[in-house]
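Undergrad: No sequence on hand, only this structure:
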């Protein structure tokens, strides 16, 4: 369906919703109401929206510390997310996890972690279980380009390929690990390296376009669900804000403001001002309701100190 169709409108709205949520986080962050560091997905919303539009509710997705977008796109409750960021007991993890460890297993968002690449083996393990139990699920591991430098990435990819597991490896390649560019870190090309394990690789250069991401994801998921084994999807995107925090960081000198502005010029959330204006009021009302829920929720009591601790 084209951009004016119902699914195009729905994806645009979901991407805008994610951006407005994070812009609200930027607004309130200086008040100290948010009780954890935040890694924003502004500029990368289309990746999460497109990926999640192509999978089923029962398919499981494992994310990273930059997972506000995937949490929301997979169907996570905004009120619970805001309460979690506030450190309130009504949060998805009772206020103990914060921004970097969001989880919503009720919709198949299986959690995220502050440790780079650490959820990839969890996804591979879940894929092994899905295959043995014959559930028909596809499991997704979402990670950044820097995760491919970790040893556990290679161990996990090798295991997934060897056992032909139903896992889709999704690399959000924004070109940087904190302040280090790919050229300063990698002597390999991510896709070429992954192909050496016998895993099919697809690349999406238009990471600002949720339809392009959805179509590539849907094709890979269909092949995996049919028994084709693991696949790898590299989606090139752009992080508009600093690595961690709510500001811009062009003064650090590690990347070009011109390059980021070039991405923004192709971003539908920047370009389609009329649609943004039409959809914004309804989304802002939802965000305000979620913030009110978080504000009114109680703090965890002392009785919660050792609960849910393994």
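TA: Cool, got the structure. None of these values were measured; they are calculated from a predicted model.
Undergrad: And the strands in the stretch 1-150 of the chain, which stretches?
TA: With DSSP state E, counting those that start in this stretch as the criterion, the stretch 1-150 of the chain has strands at 60-62, 139-144.
Undergrad: just checking, next helix/strand downstream of the last one?
TA: Spelled out, that is strand 139-144. Later in the chain than strand 139-144, the nearest helix or strand by DSSP states H and E is helix 151-162.
Undergrad: Let me see the contact set for residue 194.
TA: Taking C-beta atoms under 8 Å, 6 or more residues apart in numbering, we find residue 194 in contact with 148, 157, 169, 201, 232. Placement of C-beta: from N, CA and C, glycine included.
Undergrad: between these, which is closest to residue 16?
TA: Using C-beta to C-beta, residue 169 is the member of the contacts of residue 194 that sits closest to residue 16, with 27.6 Å.
Undergrad: wait, that closest one sits on residue 159?
TA: No: the criterion here is C-beta atoms under 8 Å, and residue 169 misses it with residue 159 at 11.9 Å.
Undergrad: For those two, work out which one has more neighbours and name it.
TA: Legend: neighbour count by other C-beta atoms under 10 Å for residue 169 and residue 159, higher for residue 169 (27 against 18).
Undergrad: Surely that one is within a strand?
TA: Yes: counting by DSSP: H, G, I helix; E, B strand; the rest coil, residue 169 is located in a strand.
Undergrad: Now do the contacts for it.
TA: 120, 140, 141, 143, 157, 160, 194, 199, 230, 231, 232, 233.
Undergrad: which among these gets closest to residue 109?
TA: Nearest to residue 109 among the contacts of residue 169, counting by C-beta to C-beta, is residue 140 at 10.0 Å.
Undergrad: Could you check how many residues crowd around the residue nearest to the closest one when sequence neighbours are not counted?
TA: Nearest non-adjacent residue to residue 140, counting by C-beta to C-beta, 6 or more residues apart in numbering: residue 61, 4.4 Å away. Neighbourhood size, residue 61 [other C-beta under 10 Å]: 30.
Undergrad: Please name the residues that touch residue 61.
TA: The contact partners of residue 61, taken as C-beta under 8 Å, 6+ apart, are 51, 52, 55, 70, 74, 108, 109, 110, 139, 140, 142.
Undergrad: 7 Å - rerun?
TA: Taking C-beta atoms under 7 Å, 6 or more residues apart in numbering, we find residue 61 in contact with 70, 74, 108, 109, 110, 140, 142.
Undergrad: what sits against the last one?
TA: Same thing as residue 142. By C-beta under 7 Å, 6+ apart, the residues touching residue 142 are 61, 62, 63, 64, 70, 170, 172.
Undergrad: In CSV: the contacts of residue 61, plus pLDDT and distance to residue 85.
TA: Formatted as CSV, the contacts of residue 61 follow (pLDDT from 0 to 100; distance: C-beta to C-beta, whole Å):
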residue, pLDDT, distance to residue 85
70, 98, 15
74, 98, 17
108, 98, 21
109, 98, 15
110, 96, 19
140, 98, 23
142, 98, 20
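Undergrad: Cheers, nothing more for now.
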